[in-house]
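Peer 1: Predicted model, plus sequence, below.
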Amino acid sequence: MRSSLLKNTDSLPNIPWEERPSGSDPKKAVLWRYSGNPIIPRNLTMYSNSIFNSAVVPYQDGFAGVFRCDDTSRRMNIHAGRSRDGITWSINDEVIEFIKTDPGLPDAEYKYDPRVVFVEDRWYIIWCNGYHGPCIGLGYTFDFEKFYQMENPLMFFNRNGVLFPRKIGKNYALLSRPSDSGHTPFGDIVYSESPDLTFWGKHRQVMAPLGSESGWQSTKIGAGPAPLETSEGWLLFYHGVLTSCNGYVYSFGAALLDLDEPWKVIARARPYLINPREPYECVGDVPNVTFPCACLADGYTGRLAIYYGCADTVTGLVFGKVDEVVDFVKSNAV
């Protein structure tokens, strides 16, 4: 029977999947980790120091992705990759060379933390783009072979750009997190609209950090994968940051946004869904990070497969079911 919650989501019978471990209580652990984590090691490409915070989508009879690969000079850039099963990946050694849609577009000093979403007739790639500091880059592809760069959507400084999978009314919709030029010690999720993906306005605050009310998201927050459309609202996975006595801790949780006015929060869970606890999440180039960037969904079964960066070093995979996640958000709302 088709999922009663997911809307405008195709069936994905080959979604990566592993059943919930025996003895796992869905009330205590809504999502569960893949037993083979991490699925992508730090050195899968010839020159990579780390591969994490990357985007994965269904494509043809398998999966395609855009991956953050920091090389051994610690330069940040994005690479294309393919997989038959969504677990075993082949990632290009060469960085994506974007074809500029306007020769006057500025070059990027770096690219990192991509998201990918299909809107209308093409796959859009959104990333953190280095242009006088961090800002949001935007491009598209039809085949994951040729990639085209567009104008940066918003002025610097900004990051965590996430495009909605359909227009809201007549406009494209985007989530972002305005920042400063460094490792931002603050951060709200903000909503923006555009009629043409070039000129953006209608900026609205969506959510802010919660302070002591919910410690894991007390310092800053940022949107994760493209929101999933459900009958209960847009399901948004997002990361939150806690400033601890020995540094930042990145966890992730979920919220529901209004379908017609996505800057309005219907419900936001106080507890996190996933936080750093496994060795590959706690030990790496940046310890104690679980950072969601992609979510596959099967519109028939309601199964979810979420890809996330672990300790800014490797890539992991967690599983869940949309009905259980939505119930978790509504039952534990702030």
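Peer 2: Great, that's in hand. Being a predicted model, the structure only gives us computed values, none of them experimental. Residues are numbered from 1 along each chain as shown.
Peer 1: CA atoms for contacts and neighbours, from now on please.
Peer 2: Fine.
Peer 1: which residues touch residue 106?
Peer 2: By CA atoms under 8 Å, 6 or more residues apart in numbering, residue 106 lies in contact with residue 131.
Peer 1: Convert the C-alpha atoms of the helix or strand hosting residue 82 to CSV, please.
Peer 2: Using DSSP states H and E, residue 82 sits in strand 76-83. The C-alpha trace of strand 76-83 is given here as CSV (Å, rounded to 0.1, in the frame of the first residue of the first chain):
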residue,chain,number,x,y,z
MET,A,76,37.4,22.0,-0.5
ASN,A,77,35.6,21.0,-3.8
ILE,A,78,32.8,18.9,-5.2
HIS,A,79,32.9,15.8,-7.3
ALA,A,80,30.3,13.7,-9.2
GLY,A,81,29.7,10.1,-8.4
ARG,A,82,27.5,7.1,-9.3
SER,A,83,26.3,3.9,-7.6
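Peer 1: Give the other helices and strands that the next helix or strand after it contacts.
Peer 2: With elements assigned by DSSP H and E, the helix or strand that comes after strand 76-83 is strand 89-91. Contacts defined by 3 or more CA pairs under 8 Å, 6 or more residues apart in numbering; DSSP states H and E place strand 89-91 against strand 76-83.
Peer 1: contacting residues around the spatially closest residue to residue 124 that is not a sequence neighbour?
Peer 2: In space, residue 124 comes closest to residue 140 once its chain neighbours are excluded; the distance is 4.2 Å by CA to CA, 6 or more residues apart in numbering. With contacts defined as CA under 8 Å, 6+ apart, residue 140 is in contact with 122, 123, 124, 125, 147, 148, 149, 150.
Peer 1: packing partners for whichever strand or helix holds the fourth one?
Peer 2: When you say that, I think you mean residue 125. Secondary structure assigned from DSSP H and E places residue 125 in strand 122-130. Strand 122-130 sits against strand 111-119, strand 134-141, strand 158-163, with contacts defined as 3+ CA pairs under 8 Å, 6+ apart.
Peer 1: and with 10 Å instead?
Peer 2: Using 3 or more CA pairs under 10 Å, 6 or more residues apart in numbering; DSSP states H and E as the contact criterion, the elements in contact with strand 122-130 are strand 48-59, strand 62-71, strand 76-83, strand 111-119, strand 134-141, strand 147-149, strand 158-163.
Peer 1: Highest mean neighbour count out of those?
Peer 2: strand 158-163 (a mean of 28; mean count of other CA atoms under 10 Å).
Peer 1: what inclination does that strand have with respect to strand 122-130?
Peer 2: 180 degrees (axes from the mean of the first three to the mean of the last three CA atoms, to 10 degrees).
Peer 1: Run me through the strand neighbours of whichever helix or strand comes after strand 158-163, direction for each.
Peer 2: The helix or strand immediately downstream of strand 158-163 is strand 172-178, counting by DSSP H and E. Here strand 172-178 has these sheet partners by DSSP bridges: strand 158-163 (antiparallel), strand 189-194 (antiparallel).
Peer 1: Which one of the ones you listed lies nearest to residue 280?
Peer 2: strand 158-163 (23.0 Å; CA to CA).
Peer 1: And the closest one, how far out from the chain middle?
Peer 2: Here strand 158-163 is found 9 Å from its chain centre; the criterion is CA atoms, centre = their mean, to the nearest Å.
Peer 1: Kindly report the same for stretch 215-234.
Peer 2: 10 Å.
Peer 1: Just the buried residues of it, please?
Peer 2: Residues of stretch 215-234 classed as buried by neighbour count (16 or more other CA atoms under 10 Å): 215-230, 232-234.
Peer 1: Okay, and which of these map to strands?
Peer 2: Residues of these located in strands (DSSP state E): 220, 221, 222, 223, 228, 229, 230, 233, 234.
Peer 1: what's the most distant pair in those?
Peer 2: Most distant of those, by CA to CA, are 220 and 230, 25.8 Å apart.
Peer 1: Residue 141: what's it in contact with?
Peer 2: Residue 141 is in contact with 98, 116, 118, 121, 122, 123, 124, 125, 147, 148, 149, counting by CA atoms under 10 Å, 6 or more residues apart in numbering.
Peer 1: now swap in residue 176 and tell me
Peer 2: Residues near residue 176 by CA under 10 Å, 6+ apart: 135-136, 154, 158-163, 187-192, 205-206, 222-224.
Peer 1: any idea how far residue 136 is from it?
Peer 2: Taking CA to CA, to the nearest Å as the criterion, residue 176 is separated from residue 136 by 8 Å.
Peer 1: Which member of the ones in strands among the buried residues of stretch 215-234 is positioned nearest residue 323?
Peer 2: residue 230 (9.6 Å).
Peer 1: got the contact list for the closest one?
Peer 2: With contact set as CA under 10 Å, 6+ apart, residue 230 has these partners: 3-9, 256-257, 259, 322-323, 326.
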